[in-house]
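Q: take a look and give me a structure for this.
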Amino acid sequence: MRTIKVLSIDGGGIRGIIPAMILAKVEEMTAKPICEMFDLIAGTSTGGILSLMLTVPSKENNGKPAYTANDLIKLYTENGKKIFSSSIFHKIISMDGISEEKYPATGIESVLKEYFGDVKLSEALTDIIVPSYELSLRAPYFFKSVHAKDVSKVNKDFYMWQVARATSAAPTYFEPYKLEIGQKDGADYYTLIDGGVFANNPGMCAYAETRVLYKDTPDILMLSLGTGELNRCIPYDEAKDWGLMKWAKPILSTVFSGVSETVDFQLSQILTDDRYYRMQASLAQLGSDAMDDASEENIHELKLLSINLIEEWLKNGKLEKLCKQLTEY
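A: As a prediction, the model looks like this:
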């Protein structure tokens, strides 16, 4: 019986370099592009950007991806500061993210347009699902390549850069993304924010989607990639007197982290050990666990953390076992 292989990538801003480096190692060990090994790829926020990049078709090599997993790493090392940058004037008027979004959208949008160009979701090389959240409807919104390819569905096929922008519009960091859709249900646009507010770990969304798309195939193999586990203690004596101002910065990362760990627990109960692989690293020893710290020092630390995680999985044999399963089933 065929095994359906699923890749899930968490949100986490600049920390997306962790799953990027893991995927580069998987491609090296299997000598295959990621999109050829997985039937479905799900990603939220920075994970959504990576998922989309992995499925962009090459213009020169038909049926092959335009980017390797190594190219994903360069997204952060070469463009991190451009994505997370703002002028002195913007920092002053935004009070560093307190009174309005911390960063203007110009930086991230220019990077996304450079990588995705005019490629549409319907052109994805494998099935993909990217969560976002719609503010007007107050409901989750899922970008799905299977819907984008369905000509019977109206307003479902968007440019990949738009999907990437919507899923990564983290509250307080970037303004919501206004996605023009044409007249539909009384509205001609969606107001979308980061899918991490409800599915920072999209693994359960991916599992549910797999059950819908492959009803007759009960065997699922999932690789779930985290962007670092938040272990930094928030002492009771500190938090007990926090109000809106003090909670403004830690609340988002706390929610994202809690959501991710909850989904990990759920999937570990549903799938067996040899069918569910969760690769996650502790951020406890890092100087910064911020999602927007694109400094050279922090990127260097994140790369070292990724290397240590990969080495640990090589040492215990799990990564080799996973790669064998990805290429055999």
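Q: out of the helices and strands in the protein, which is least certain?
A: In the chain, no helix or strand scores lower on mean pLDDT, DSSP states H and E than helix 88-94, which sits at a mean of 40.
Q: and the strands in the chain?
A: Remark: strands assigned in the chain by DSSP state E are 4-9, 40-43, 127-134, 139-144, 177-184, 187-194, 220-225, 276-279.
Q: TSV for those strands, including mean neighbour count and distance to K32?
A: From N, CA and C alone the C-beta is placed, and that goes for glycine too. Formatted as TSV, the strands of the chain follow (neighbours: other Cβ atoms under 10 Å; distance: least, Cβ to Cβ, whole Å):
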stretch	mean neighbour count	distance to K32
strand 4-9	27	12
strand 40-43	30	14
strand 127-134	26	17
strand 139-144	18	24
strand 177-184	14	33
strand 187-194	19	31
strand 220-225	24	14
strand 276-279	20	17
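Q: dump these into a markdown table; add mean pLDDT and distance to G287 as well.
A: Converted to a markdown table, those look like this (pLDDT from 0 to 100; distance: least, Cβ to Cβ, whole Å):
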| stretch | mean pLDDT | distance to G287 |
| --- | --- | --- |
| strand 4-9 | 98 | 24 |
| strand 40-43 | 98 | 27 |
| strand 127-134 | 98 | 30 |
| strand 139-144 | 97 | 34 |
| strand 177-184 | 81 | 31 |
| strand 187-194 | 91 | 25 |
| strand 220-225 | 97 | 22 |
| strand 276-279 | 98 | 22 |
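Q: now those strands in CSV, with distance to I18?
A: Shown next, in CSV, are the strands of the chain (distance: least, Cβ to Cβ, whole Å):
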stretch, distance to I18
strand 4-9, 10
strand 40-43, 13
strand 127-134, 19
strand 139-144, 23
strand 177-184, 25
strand 187-194, 18
strand 220-225, 7
strand 276-279, 8
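Q: E114 is nearest to which of the ones you listed?
A: strand 177-184 (17.2 Å; Cβ to Cβ).
Q: that closest one - which strands sit beside it in the sheet, and in what orientation?
A: Strand 177-184 pairs in its sheet with strand 187-194 (antiparallel), by DSSP bridges.
Q: residues in contact with the partner strand: which ones?
A: Here strand 187-194 makes contact (Cβ atoms under 8 Å, 6 or more residues apart in numbering) with 11, 44-45, 132-136, 141, 166-171, 176-182.
Q: pull the CA atoms of it into CSV?
A: The C-alpha trace of strand 187-194 is given here as CSV (Å, rounded to 0.1, in the frame of the first residue of the first chain):
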residue,chain,number,x,y,z
ALA,A,187,-16.6,41.9,-0.4
ASP,A,188,-13.9,42.5,-3.0
TYR,A,189,-10.9,41.8,-0.8
TYR,A,190,-9.7,39.7,2.1
THR,A,191,-7.8,41.2,5.1
LEU,A,192,-5.3,38.5,6.0
ILE,A,193,-2.8,38.1,8.9
ASP,A,194,-0.3,35.4,9.9
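Q: and that strand with strand 139-144, angle?
A: Between the axes of strand 187-194 and strand 139-144, defined by axes from the mean of the first three to the mean of the last three Cα atoms, to 10 degrees, the angle is 90 degrees.
Q: what angle separates strand 187-194 from strand 127-134?
A: Using the same axes, to 10 degrees: strand 187-194 against strand 127-134 is 100 degrees.
Q: understood, closing this out.
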